[in-house]
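*Asks:* Sequence and computational prediction follow.
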Amino acid sequence: MKTYLIILCALLLTACGGKQETEEQIRPVFYQVVGKGSVNEVRSFAGISQASKQAKLSFRVGGNIEAIAVELGDSVKKGQVIARLDSTDYHINYSKAVMSQKNAQVQLIAARSAYQRIENLYVGNNASLSDYERAKAQYESAVAMASTADAQVRAAKNQLDYTILLAPYDGSITAIMAGENEMTGAGHPVVAFSSTNHMEVRTAVPENVIGQVKSGQGVTVSFGTLADRVFNGTVSEVGTGTGMASTYPVIVRLSEPTDQLLPGMTGTVHIPLDTQTNSKRTVIIPTDAVSHSDDKDFVYLARKDAASDGYMVARQDVITGELTPDGYGILEGLSTGDIVITAGLSALYEGRKVKLIDDNE
């Protein structure tokens, strides 16, 4: 009898232990529900910062460079003097033009007076028609000569003004390509100039992505030298021409000016793709949620257990895309509404019961 009781107690303890062990198999896990909000793909491309306005400034007339009033890297304001030519000859030409203008005005006054006098005589039949026509022609010629003289003065004044090179807008000097006492011709670059008010970033996008990049869409840009800053920007230009590498130029206009960012800095442009036109809609899930086995990538899903109110683990093979800063892009294998287990995977297996918990629990 005593032996029977011992065996019975052992069986009861075993049964209780088995029940406790079964309850311990319900493992808490973190999860992510696949939905419209998770359909996103951000691609990153290397870029170079540049000024939104760039120009090689030159004189509109030729001559000897008398002075260069700026140095490399100087910040200048609109209208500030950058360089000057020796203007001696242009001053002489302007003075000559002014003198010719004065002579033309004197001749015009005399011709007008003579014409008015002959006209009055002609009306009173005291002058012949030929005298009248001659006076009229001389007056009209004097008017034309005065007009030409005025134009020559304006041209000479412009030529004189062109001997001073001014900044067309606020900016900075990025290169100096001529020196003082050098001869320069009209249109020959003297300095390289760029705007500092607005910066942009030039990048190159491959042909399989360019169709999803739209002018006007928002992007972000980061720079290794400015690790604490992320700049917002807008795609301002999408190029249609391609180079040897089958890439297309894209220009991003940065939204806010900064003194820290200079032309020529290397950065990274983060462009969210237009998933509405993407034939392969990409789901982004955390890197730790993707497992690898037998050259296959897979995730664990939590699916409703028909026998209980809980969830059971189901393995789902997937095709991964690019590794982004937010995780793996999943091209195939997941559908809207799938519950992807994102943490607590170390002890998971097919059919194991799990309890879903939020990140803030």
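*Replies:* Thanks, I have the structure now.

*Asks:* distance of the residue nearest the centre of the chain from residue 61?
*Replies:* Note on the chain: the residue nearest the mean C-alpha position is residue 252, at 1.5 Å, using C-alpha atoms, centre = their mean. According to C-beta to C-beta, to the nearest Å, residue 252 stands 38 Å off from residue 61. Every C-beta, even on glycine, is put in place using the N, C-alpha and C of the backbone.

*Asks:* likewise residue 233?
*Replies:* The gap separating residue 233 from residue 61 is 40 Å, by C-beta to C-beta.

*Asks:* does the closest residue to residue 75 other than its chain neighbours have beta-bridge partners, and which?
*Replies:* Distances taken as C-beta to C-beta, 6 or more residues apart in numbering place residue 172 nearest to residue 75, at 5.0 Å, with adjacent residues excluded. Going by DSSP bridges, residue 172 is paired in beta bridges with residue 75, residue 194.

*Asks:* okay, residue 172: pLDDT?
*Replies:* Note for residue 172: predicted pLDDT of 89.

*Asks:* residues contacting it?
*Replies:* 73-76, 193-194, 196 (C-beta atoms under 8 Å, 6 or more residues apart in numbering).

*Asks:* One more: residue 94?
*Replies:* 153, 156-157, 159-160.

*Asks:* Could you pick out the buried ones from those?
*Replies:* Applying 16 or more other C-beta atoms under 10 Å to the contacts of residue 94, the neighbour count classes 153, 156, 159-160 as buried.

*Asks:* burial count for the closest residue to residue 152 other than its chain neighbours?
*Replies:* Counting by C-beta to C-beta, 6+ apart, residue 152 lies nearest to residue 97, which is 4.6 Å off, once chain neighbours are set aside. The number of residues packed near residue 97 is 21, by other C-beta atoms under 10 Å.

*Asks:* Now the phi/psi pair for residue 97, please.
*Replies:* Main-chain torsions, residue 97, degrees, to the nearest 10: phi -60, psi -40.

*Asks:* how close does residue 86 get to residue 176?
*Replies:* To residue 176, residue 86 is 18 Å away according to C-beta to C-beta.

*Asks:* Also residue 222?
*Replies:* In terms of C-beta to C-beta, residue 222 sits 32 Å off from residue 176.

*Asks:* Break down the stretch 51-200 of the chain into its helices, ranges please.
*Replies:* Remark: helices assigned in the stretch 51-200 of the chain by DSSP state H, counting those that start in this stretch are 88-123, 129-161.

*Asks:* Residue 324: which of these is closest?
*Replies:* helix 129-161 (56.0 Å; C-beta to C-beta).

*Asks:* other SSEs contacting that closest one?
*Replies:* If contacts are counted by 3 or more C-beta pairs under 8 Å, 6 or more residues apart in numbering; DSSP states H and E, helix 129-161 sits against helix 88-123.

*Asks:* which stretches of the protein have low pLDDT?
*Replies:* 1-25, 35-41, 242-245, 274-282, 325, 358-361 (pLDDT under 70).

*Asks:* How about residue 114, nearest residue that isn't a chain neighbour?
*Replies:* residue 135 (5.4 Å).

*Asks:* ok, back up a step: between residue 86 and residue 176, which is the more surrounded one?
*Replies:* residue 176 (18 against 15).

*Asks:* where's the more buried one relative to residue 356, distance?
*Replies:* To residue 356, residue 176 is 66 Å away according to C-beta to C-beta.

*Asks:* and what of residue 30?
*Replies:* For residue 30 relative to residue 356 (C-beta to C-beta), the value is 8 Å.

*Asks:* what about the two, which has more around it?
*Replies:* residue 30 (18 against 15).

*Asks:* returning to that earlier point: closest one of the buried ones among the contacts of residue 94 to residue 290?
*Replies:* Nearest to residue 290 among these: residue 159, at 71.7 Å, using C-beta to C-beta.

*Asks:* just the contacts of residue 94 now: which is nearest residue 50?
*Replies:* Residue 50 lies nearest to residue 159 out of the contacts of residue 94, by C-beta to C-beta, at 33.9 Å.

*Asks:* ok, the closest one - contacts?
*Replies:* Shown in contact with residue 159 (C-beta under 8 Å, 6+ apart): 61, 90, 93-94.

*Asks:* With respect to residue 53, which of those is nearest?
*Replies:* Looking across the contacts of residue 159 and measuring by C-beta to C-beta, the closest to residue 53 is residue 61, at 23.8 Å.

*Asks:* any idea what residue 334 is structurally, helix, strand or coil?
*Replies:* Secondary structure state of residue 334, per DSSP: H, G, I helix; E, B strand; the rest coil, is coil.

*Asks:* I figured it was touching residue 34, is that so?
*Replies:* Yes - with contact defined as C-beta atoms under 8 Å, residue 334 reaches residue 34; the gap is 5.1 Å.

*Asks:* so what sits against both of these two?
*Replies:* In contact with both residue 334 and residue 34: 283, 285, 340, using C-beta under 8 Å, 6+ apart.

*Asks:* Which members of those residues occur in helices, if any?
*Replies:* Among the shared contacts of residue 334 and residue 34, no member is found in helices (DSSP state H).
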